[in-house]
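Engineer: need coordinates for the below:
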Amino acid sequence: MDFETSIKTCFTKYATFSGRASKSECWWFLIFCCILNFVVTVLDIIIMDTGRPNIIGSFLPVFYFLSLPGGPGGGLFGMITALVLITPSLAVVSRRFHDGEEPESGWMQLIALTIIGIPAVIVLMLRKGSEEDNFYGKPPPKLKKIYVKIK
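Structural biologist: Below you'll find the predicted structure:
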């Protein structure tokens, strides 16, 4: 799955916590969230003079509360972005946890709230997906690779 398709898919499945997500779908969307958060933080700093970076919140969705009022990244644009992105981010990570040889519950992402749980969440998001059907459904569709022959 490419960058654009991943973003479209995650916003189409805005609050869909069931099913499965491929590794590329999850990571491309989280990279999009990081880039968007960086841009929004720059806007908050330049325009509102209030923004502070929320690097952890843009990478692990359970930390989006850092951008809410009173949090360390509490600029106006950061708050709006956090409110828009928290649901699809939690949903795609939850679906990613479902796509493994030994699928995990989406609730497992809450272990990131304990600081020592962050590496565990990253490892669960990096593991290879299962090729067969599991409790959470069929595997995510694979896109065909198109090669262009250059003469």
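
Engineer: helix, strand or coil: sort out the nearest residue to Ile111 once chain neighbours are set aside for me.
Structural biologist: Of all residues not flanking Ile111 in the chain, Gly117 sits nearest, at 3.4 Å (C-beta to C-beta, 6 or more residues apart in numbering). Placement of C-beta: from N, CA and C, glycine included. Secondary structure state of Gly117, per DSSP: H, G, I helix; E, B strand; the rest coil, is helix.

Engineer: can you check which helix is longest in this protein?
Structural biologist: Ranked by residue count under DSSP state H, the longest helix found in the chain is helix 76-98.

Engineer: list the helices and strands it packs on?
Structural biologist: When contacts are defined as 3 or more C-beta pairs under 8 Å, 6 or more residues apart in numbering; DSSP states H and E, helix 76-98 sits against helix 3-12, helix 23-43, helix 118-126.

Engineer: one more time with 6 Å
Structural biologist: Using 3 or more C-beta pairs under 6 Å, 6 or more residues apart in numbering; DSSP states H and E, the elements in contact with helix 76-98 are helix 23-43.

Engineer: and the angle for the helix it packs on with helix 3-12?
Structural biologist: 90 degrees (axes from the mean of the first three to the mean of the last three C-alpha atoms, to 10 degrees).

Engineer: residues of helix 23-43 that come out buried?
Structural biologist: Neighbour counts over helix 23-43 (16 or more other C-beta atoms under 10 Å) mark 23-30, 32-33, 37, 40-41, 43 as buried.

Engineer: pretty sure the residue nearest to Ile111 sits against Met108.
Structural biologist: No: using C-beta atoms under 6 Å, Gly117 is not in contact with Met108, being 8.8 Å away.
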